[in-house]
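fold the following, please.
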Amino acid sequence: MKGGSRTVLCLIRSMSDTRLMPDPRETIKWPETTVGDVAFFLLRDWANRDFVESFPAAVQEELRTSGISAYHRYVKKVENRKALQQKI
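Numbers count the residues shown, from 1 in each chain. Just a heads-up that it's a prediction; the model follows:
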């Protein structure tokens, strides 16, 4: 997280990585967490932004009402994951 712009570029590149990994979060554990998910969460934390505006309008509303599960439903489709990566 201290790597500055190099860190940001690495995290953005990693967002499309769909390899499964243990969920490192201390709160809600998602059983199908990917490297790309962790990259997105780290990027969000590093930038201190929630990136809601990067999602389509319908998903933005679902994020507000359903939280992180809406994110996981959206990125389950590889093309959505790549679209989010491109926007960020």
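
what's the pLDDT at residue 1?
We have a pLDDT of 64 for residue 1.

swap in the one 4 residues further on?
The predicted local distance difference test score for residue 5 is 80.

which element, helix or strand, includes the residue lying closest to residue 50 once chain neighbours are set aside?
Closest residue to residue 50 apart from its sequence neighbours, by Cβ to Cβ, 6 or more residues apart in numbering: residue 44 at 6.2 Å. Quick note: C-beta positions are derived from backbone N, CA and C, even for glycine. Here residue 44, judged by DSSP states H and E, is contained in helix 35-47.

gap between the next helix or strand after that helix and the chain center?
In the C-terminal direction, the helix or strand that comes right after helix 35-47 (DSSP H and E) is helix 57-66. Averaging C-alpha positions (Cα atoms, centre = their mean, to the nearest Å) puts helix 57-66 14 Å from its chain's average.

would you put the C-alpha positions of helix 57-66 in CSV?
Provided in CSV are the C-alpha atoms of helix 57-66 (Å, rounded to 0.1, in the frame of the first residue of the first chain):
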residue,chain,number,x,y,z
ALA,A,57,-26.8,2.7,-12.4
ALA,A,58,-28.8,-0.4,-11.5
VAL,A,59,-25.8,-1.9,-9.7
GLN,A,60,-25.1,1.5,-8.0
GLU,A,61,-28.6,1.3,-6.4
GLU,A,62,-28.1,-2.3,-5.5
LEU,A,63,-24.8,-1.5,-3.8
ARG,A,64,-26.5,1.1,-1.7
THR,A,65,-29.2,-1.3,-0.6
SER,A,66,-27.5,-4.7,-0.6
